[in-house]
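> With the input below, show me the fold.
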Amino acid sequence: MTIISLMGYIALVALFLTALIYWKKGGISIIDSFLQNFCGSLFIFSGFVKAVDPVGTAYKMEQYFQQFESVAAGTWAKFCAPLFPWMADHAISFSVIMIVLEIVVGIMLLLGFLRKWNSWLFFLILIFFTVLTGFTYLTGYVPDGVNFFEFGKWAEYSKNNMKVTDCGCFGDFIKLEPKISFFKDIILLIPGIWFLFRWSKQHQLFSPSLRSSLTGFGTIATLMFCLSNFIWDEPIIDFRPFKNGADIRAQKSAEKKAAANVKMSFKLKNKQSGKIEILEEANYMKNFAAYPKTEWEVVEQIKSEPEIPETKISYFDLADLNGEDKTDSLLLDVNQTYYIISPKVKYSVKPQIKILEDSTFAFDTVYSDQSKAQFNIVKTFKGLSKRELKSNEYIFDQDYIDIFEKKLIPLIDSTRGPKCGVAVVIGGMGEEGIASLREKLNVPYQYFTCDDIVLKTIMRSNPGLLLMHFGKIEHKWHHNNLPTVEELKEKYIIR
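Just a heads-up that it's a prediction; the model follows:
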């Protein structure tokens, strides 16, 4: 689905609601009612597709906060920079608040509840979204090493300059380029401003007490729905590439082949005349001498769009603790495998210094006669020398360890068959830390590392359980919503 088709469907819903309200009530402003229904439906839908995965929205907000920190640190606003890491630490709270607010504003628009106040709230939210998407889009003009507010150093637009590549407006349902999203928000500001002056013309449904009750119920229901999709279970609707039933092996192979067929071109600019030429890589290399660096500069490297869009599946790479890539062998395994996925291990580190004592010896050669034909090596103790050995003591969060020891490991050991393997996949942690975790858990499982962003895409639960067979995801479970032993054996485990 594209943004155009989505807006078309929203418009049809708005037309239907407007016609229904006009038929039931009459005496309404059709234009005002249509805009009211359109914007309300859009906000409810936009909020819903984010509410099914609030953690995904939180990850997107973390990206924004990181960019805001970087921009602020290089300007007069550097005193604000320390605020953004704190906001990133609480991104999930901001995510839930924003999602609930968006849906509730949509509900209030449809009902005509607190019309004046809600019109201002709708407008201010649109301003916030427009600033957010506008910043993301405009970073396409900011080359590496240049601060956003150094306007004189901006260059030609290139999407390769953008650090946040999609706005997250519709979660993982539709990926919008920041440019498209920015212009969408600009257009939505038109009804936003319209409502500020025409709020009294908006329709109102039901009685004031019922409007208030429906808004309150919608707020509580939305909040509980958001929480259910990351605290108690995996997202109820999965728009991610690693959904249940996804064939990771086949999709990764297809994306790899598509990426290999991508054509590279160079956008060149003449330093004197400003003339622009775009040459395919082979043609550019063949005629390289005709474009000397003294006269021409490479403005941008342009890649053609792959036949199959790249997803995070392309970056699904598993390595053992020696750094050896094990992805293909694991995806080609004909047996089932339990994967305990942990994007982020919860721990703290306590540095330690151990004093080791080493014995020092001297070795002398003692000859038994003058011919030196026979000799003995004499070892003499000289004393002790001390040296420091620095190491880290890993202190793991007990609640995190309990999930392994009281939930995941007992379930796995009670259900796995003789041909069912078990692997623990860790993100964002070094070999020393993983070795300490393995010692702590004391189970004979395989341990692998993977990019933590990929693991966050696979599993919102930390840790969570995934069952894979021949490269295909059979099912994923949140650690707070694990199946029973009987259910696993009956529905999933091959004997």
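
> C-alpha only now, for contacts and for neighbours.
Noted.

> Just say helix, strand or coil for the closest residue to L111 other than its chain neighbours.
Excluding the flanking residues, the one nearest L111 by Cα to Cα, 6 or more residues apart in numbering is L205, at 5.1 Å. Recorded secondary structure, L205: coil (DSSP: H, G, I helix; E, B strand; the rest coil).

> Check K489 too.
With three-state DSSP as the criterion, K489 reads helix.

> ok, the residue nearest to it when sequence neighbours are not counted - contacts?
The spatially closest residue to K489, leaving aside those adjacent along the chain, is T415, at 6.2 Å (Cα to Cα, 6+ apart). Each residue near T415 by Cα atoms under 8 Å, 6 or more residues apart in numbering is listed here: 485, 488-489, 493.

> likewise I409?
Residues counted as contacts of I409 (Cα under 8 Å, 6+ apart): none.

> T380 too?
361-364.

> Strands - which of the residues you listed land there?
Using DSSP state E, the members of these that fall in strands are 361-364.

> what's the domain layout of this protein?
3-228, 263-303, 313-346+397-491, 350-393 (automatic domain parsing).

> Least confident of these, on average?
Here the domains of the chain differ in mean pLDDT, and the lowest is domain 350-393 at a mean of 74.

> Now the terminal residues of it, how far apart.
End-to-end span of domain 350-393 (Cα to Cα, to the nearest Å): 5 Å.

> Ok, stretch 300-316 next?
Terminal residues of stretch 300-316 lie 28 Å apart, using Cα to Cα.

> Mind listing residues that contact that stretch?
Contacts for stretch 300-316 (Cα under 8 Å, 6+ apart): 158, 241-242, 248, 251-252, 254-256, 258-259, 261-268, 327, 450-451, 454, 457.

> ChimeraX command for the buried members of those residues?
Remark: buried members of the contacts of stretch 300-316, expressed as a ChimeraX selection using 16 or more other Cα atoms under 10 Å:
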select :158,241,242,248,251,252,254,255,256,258,259,265,266,267,268,327,450,451,454,457
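
> Q202 contacts L114, correct?
No - the criterion here is Cα atoms under 8 Å, and Q202 misses it with L114 at 10.4 Å.

> Same drill for the two, tell me which one is more crowded.
More crowded of Q202 and L114, by other Cα atoms under 10 Å: Q202, with 26 against 15.

> and of the contacts of T415, the nearest to V299?
Set against V299, the nearest of the contacts of T415 by Cα to Cα is I493 (54.8 Å).

> So the closest one: helix, strand or coil?
Assigned by three-state DSSP, the conformation of I493 is coil.

> now the contacts of T415 as a markdown table including neighbour count and distance to M162?
Below are the contacts of T415 laid out as a markdown table (neighbours: other Cα atoms under 10 Å; distance: Cα to Cα, whole Å):
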| residue | neighbour count | distance to M162 |
| --- | --- | --- |
| V485 | 15 | 47 |
| L488 | 17 | 44 |
| K489 | 16 | 47 |
| I493 | 17 | 45 |
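
> Format those residues as TSV; extra columns: distance to L12.
As requested, the contacts of T415 are exported to TSV (distance: Cα to Cα, whole Å):
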residue	distance to L12
V485	47
L488	44
K489	47
I493	46
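
> from those residues, which is closest to E281?
I493 (50.2 Å).
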